[in-house]
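S.K.: what's the 3D shape of this:
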Amino acid sequence: MTNTNHAGAPAGSASDVTIQEPPSLRKSLKNRHIQLIALGGAIGTGLFYGSSESISLAGPAILLAYLIGGIAIFMIVRALSEMSVEDPKAGAFSYYATRYWSKRAGFVSGWNYWFNYILVSMVELSVVGSFVNYWFPNIPQWASAAFFLVVITAANLMGVSKFGEIEFWFAIIKIVAVLAMIVGGLAVIAFNLPTDSGVRASFANWFALDGGFLPNGVMQRTADGTWTGLLMALVVVMFSFGGTELIGVTAGETEDPRTTIPKATNGVIWRILVFYIVALGVIMAVVPWNMIDGESSPFVQIFDSIGVHVAAGILNFVCLTAVMSVYNSGLYANSRMLYSLARQGNAPAYLGRLNFHGVPVAAVLTSAAITVIAVVVVFVWPEFAFNYLMSIATISAIINWSMIMITEMKFRRVVAAGGSPHDSALAGKSGREALDAIAFKLPAARVTPWVVLAFLAMIVVLMCFSASYRIAVVAGVIWLAVLLVAYQLTQRRR
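M.R.: Residues are numbered from 1 along each chain as shown. From the prediction side, this is the model:
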């Protein structure tokens, strides 16, 4: 048989030339990048500032809420990682929904996640100016937003390794800040240092103050008609974990996903324990929970209470880096999601092209441009942006997590039927043999997805009891309908 080259011509002929492979995504993310990306995704302004809201709802029982929510998020990430280890692809859940469920599911999953991060980026960039103004009050907020948008976009265009390095150092800053607070708080407790509150710092404060550990009960209605308690705090807690699923998005550009992804995923639960439960537990031991008023960050209050008043400036810097971290992660996730959608045929083809460095430049620039429009909307119509657009961002996390769990069940059915990816270790296997060969299994995979889906459904029901979240439920139904209609229209046009 005559040897031929890629073009089909006989070897040695005039057309026997080297065919240059098309550019592909670079597997440049190292283990340390993935570990810190996973950790940084769980630590944001929601912890530094938003935790005061959840504490006011549940008191010390907020620690239990973070534990329950953390277990749910851990199972969601485990479900995603089960697929990512066997079939590491850019776009993660959108790709998996398309391959193992349906093209419609991939369309809804991908565009839902993309739009979610556009809106999250919109909020982060719109508030970045307030952090800059802490030191430079004369700089317009739009100028700060524009500057950081250009810088982060430029870094993403330089390649995935640059994204990984930036996220690595952003995460280091946040980790050091939280650890410093924990160590400082433990020192106050251990050495019985005086505090401004006049209450002795002690872990006994969890149980001895104003109603004990569960001061507002599991769920109860206050005199003004609002609902409070452990279950209502769960709603706030769940949304503080948004971004943890970024581990799965990185799988397509990770050096060794079969080793790195399981390590990063298994670390999620202890990170939640340390950086949420331990941190907030120490705060409520030093600053009585009923004195955490939300006017400043609990992290600032703990240092203010012992006379360290530079904490506000330090935390301002930490929050500035946290905001930039969210936009950096959002732009990365959005560009890879558009790339994956284009490869599926669910987005314009130009978004699926890569440059010589393996970067989906068109997807990066398109996401950045849409974010600019969204930020302008915030500055011009802030009420519309925060009341309606952010409602979609709030509920889209629930949609995304639910679709991950359903897709995992579909994935297992395909694997059992012998439809595993050809380059997977599962190829050629079927039935129980194939399921047993899955390298990184979701614990109790027959029941866990159903338990998580029931839990997420409960969160949606609880949202209906809160005036601030109720609009998100309505927006979610409308948003899903818009996505389904958009899919039908795109298919008809083709």
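S.K.: number of nearby residues for residue 420?
M.R.: Each residue near residue 420 was counted by other C-beta atoms under 10 Å, and the total is 22. Where C-beta positions appear, they are placed from N, C-alpha and C, glycine not excepted.
S.K.: Could you report the separation of the nearest residue to it once chain neighbours are set aside from residue 149?
M.R.: Once its chain neighbours are removed from consideration, residue 420 has its nearest residue in residue 426; the separation is 3.6 Å (C-beta to C-beta, 6 or more residues apart in numbering). In this view, residue 426 and residue 149 are 42 Å apart by C-beta to C-beta, to the nearest Å.
S.K.: More neighbours: which of these two?
M.R.: Under the criterion of other C-beta under 10 Å, the comparison of residue 426 against residue 149 puts residue 426 first, with 23 against 20.
S.K.: wait, is residue 89 part of a strand?
M.R.: No. Read with DSSP: H, G, I helix; E, B strand; the rest coil, residue 89 is coil and lies in no strand.
S.K.: Do you know the pLDDT at it?
M.R.: At residue 89, the pLDDT value in this model is 79.
S.K.: how close does residue 116 sit to residue 389?
M.R.: Using C-beta to C-beta, one obtains 10 Å as the distance from residue 116 to residue 389.
S.K.: out of those two, which sits in the busier spot?
M.R.: A side-by-side neighbour count of residue 116 and residue 389, using other C-beta under 10 Å, places residue 116 first with 24 against 20.
S.K.: so what's that one up against?
M.R.: Under the criterion of C-beta atoms under 8 Å, 6 or more residues apart in numbering, the contact partners of residue 116 comprise 392-393, 396-397, 400.
S.K.: Quick one, which of these are buried?
M.R.: Those of those that meet the buried threshold are 392-393, 396-397, 400, by 16 or more other C-beta atoms under 10 Å.
S.K.: So the residue nearest to residue 420 sits against residue 440, correct?
M.R.: No. Residue 426 sits out of contact with residue 440 when judged by C-beta atoms under 8 Å, with a separation of 11.9 Å.
S.K.: shared neighbours of the two, which are they?
M.R.: When C-beta under 8 Å, 6+ apart defines a contact, the residues bordering residue 426 and residue 440 alike are residue 86.
S.K.: Okay, now the unreliable bits of the stretch 251-400 of the chain?
M.R.: Low-confidence regions of the stretch 251-400 of the chain, defined here as pLDDT under 70, cover residues 293-296, 305-309.
S.K.: Helix, strand, or coil at the residue nearest to the spatial centre of the chain?
M.R.: Averaging the C-alpha coordinates of the chain gives a centre point, and the residue nearest to it by C-alpha atoms, centre = their mean is residue 243 (0.5 Å). When the structure is split into helix, strand and coil by three-state DSSP, residue 243 lands in coil.
S.K.: Can you name the two of the buried ones among the contacts of residue 116 that sit furthest apart?
M.R.: With distances taken as C-beta to C-beta, the most widely separated pair in the buried ones among the contacts of residue 116 is 392 and 400, at 11.9 Å.
S.K.: Which pLDDT value belongs to the closest residue to residue 220 other than its chain neighbours?
M.R.: Distance criterion C-beta to C-beta, 6+ apart; nearest residue to residue 220, sequence neighbours excluded, is residue 229 at 5.2 Å. At residue 229, the predicted lDDT confidence score is 91.
S.K.: Give me the distance between residue 229 and residue 448.
M.R.: Noted for residue 229: a distance of 26 Å to residue 448, by C-beta to C-beta.
S.K.: So between these two, which is more surrounded?
M.R.: Comparing residue 229 with residue 448 by neighbour count (other C-beta under 10 Å), the higher total belongs to residue 229, at 21 against 18.
S.K.: and that one, what does it touch?
M.R.: With contact set as C-beta under 8 Å, 6+ apart, residue 229 has these partners: 57-58, 216-220.
S.K.: Report the buried members of those residues.
M.R.: If we count by 16+ other C-beta under 10 Å, these have these buried: 57-58, 216, 219.
S.K.: Now, those that are in helices?
M.R.: Counting by DSSP state H, the part of the buried ones among the contacts of residue 229 found in helices is 57-58.
S.K.: Looking at the buried ones among the contacts of residue 229, spot the one nearest residue 471.
M.R.: Proximity of the buried ones among the contacts of residue 229 to residue 471 was ranked by C-beta to C-beta; the top entry is residue 57 with 18.5 Å.
S.K.: I figured that closest one hits residue 215, correct?
M.R.: No. Contact between residue 57 and residue 215 fails when scored by C-beta under 8 Å: they sit 10.1 Å apart.
S.K.: which outside residues touch stretch 249-263?
M.R.: With C-beta under 8 Å, 6+ apart as the contact definition, stretch 249-263 has outside contacts at 25-31, 33-35, 37, 81, 84-85, 88-92, 160, 247-248, 332-333, 336-337, 439-440.
S.K.: about what we covered before: ok, the contacts of residue 229 vs residue 300, which is closest?
M.R.: Looking across the contacts of residue 229 and measuring by C-beta to C-beta, the closest to residue 300 is residue 57, at 20.2 Å.
S.K.: Setting aside sequence-adjacent positions, which residue approaches the closest one most closely?
M.R.: Ranked by C-beta to C-beta, 6+ apart and with sequence neighbours excluded, the top spatial neighbour of residue 57 is residue 233, at 4.1 Å.
S.K.: Which residues are in contact with that neighbour?
M.R.: When contacts are counted by C-beta under 8 Å, 6+ apart, residue 233 touches 54, 57-58, 61-62, 65.
S.K.: quick one: low-confidence ranges for the stretch 1-150 of the chain?
M.R.: 1-26, 38-42, 45, 90.
S.K.: picking that back up, quick one: which of the contacts of residue 116 sit in helices?
M.R.: Mapping the contacts of residue 116 onto helices (DSSP H) picks out 392-393, 396-397, 400.
S.K.: what number of residues lie near the closest residue in space to residue 49 that isn't next to it in sequence?
M.R.: Take residue 49 and drop its neighbours on the chain: the residue closest to it by C-beta to C-beta, 6+ apart is residue 297, 5.1 Å away. Neighbour count for residue 297, taken as other C-beta under 10 Å: 25.
S.K.: what's the spacing between the closest residue to residue 372 other than its chain neighbours and residue 327?
M.R.: Counting by C-beta to C-beta, 6+ apart, the nearest residue to residue 372 once its immediate chain neighbours are dropped is residue 149, at 6.7 Å. Shown here: residue 149 relative to residue 327, a distance of 7 Å by C-beta to C-beta.
S.K.: what touches both of these two?
M.R.: A shared contact of residue 149 and residue 327, defined by C-beta under 8 Å, 6+ apart, is any residue touching both; here these are 125, 371.
S.K.: between the contacts of residue 229, which is closest to residue 406?
M.R.: Looking at these and their distance to residue 406, the nearest is residue 219, at 27.9 Å (C-beta to C-beta).
S.K.: For the closest one, give me phi and psi.
M.R.: Dihedral angles phi and psi of residue 219 (degrees, to the nearest 10) take the values phi -170, psi 130.
S.K.: can you give me the strands for the stretch 151-300 of the chain?
M.R.: With strands called from DSSP state E, counting those that start in this stretch, the stretch 151-300 of the chain shows them at 220-221, 227-228.
S.K.: Listing partners with orientation, what would you give for the first one?
M.R.: Within its sheet, and counting by DSSP bridges, strand 220-221 is paired with strand 227-228 (antiparallel).
S.K.: So what touches the strand it pairs with?
M.R.: 56-58, 216, 219-222, 465-466.
S.K.: on contacts alone, who are the packing partners of the host helix or strand of residue 94?
M.R.: Counting by DSSP states H and E, the secondary-structure element that holds residue 94 is helix 93-100. Using 3 or more C-beta pairs under 8 Å, 6 or more residues apart in numbering; DSSP states H and E as the contact test, the elements touching helix 93-100 are helix 62-86, helix 103-133, helix 311-344, helix 390-416.
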